[in-house]
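Asks: Below is the structure, and that's it, no one-letter string:
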């Protein structure tokens, strides 16, 4: 809303999709899982993609390989939940 008053419809005048980094999204889901099933489910159904409609749960259902992918070796210690 704040940037709309300056005649901008987007931040950085971006047009199109902005999708989460696959490795980082996997890390976030794993981290939420460690906090319990309720926390994980809350994250999955109350976090949305750029379109403000698609939940993370829906995105992961459409892209299940995200949760199967291992982070690159250089990030494995940091992004494994």
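Replies: Structure's in. What do you need? All figures in this text were calculated on a predicted structure; none of them were measured in a lab. Numbers count the residues shown, from 1 in each chain.
Asks: going forward, measure contacts and count neighbours with C-alpha atoms only.
Replies: Fine.
Asks: Low-confidence ranges, the chain, go.
Replies: Within the chain, the stretches with pLDDT under 70 are 1-2, 11, 81.
Asks: for it, longest helix please?
Replies: In the chain, taking DSSP state H as the definition, the longest helix is helix 22-34.
Asks: Now that one: buried residues?
Replies: Residues of helix 22-34 classed as buried: 22-33 (neighbour count, 16 or more other Cα atoms under 10 Å).
Asks: so where do the helices sit in this protein?
Replies: According to DSSP H, the helices that the chain contains are 22-34, 37-46, 56-62.
Asks: Turn those into a markdown table, columns for distance to residue 72.
Replies: Shown next, in a markdown table, are the helices of the chain (distance: least, Cα to Cα, whole Å):
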| stretch | distance to residue 72 |
| --- | --- |
| helix 22-34 | 8 |
| helix 37-46 | 24 |
| helix 56-62 | 20 |
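Asks: and residue 7, which of those is closest to it?
Replies: Closest to residue 7 of the helices of the chain is helix 37-46 (Cα to Cα; 29.4 Å).
Asks: which helices and strands sit right next to the closest one?
Replies: Counting contacts by 3 or more Cα pairs under 8 Å, 6 or more residues apart in numbering; DSSP states H and E, helix 37-46 packs against helix 22-34, helix 56-62.
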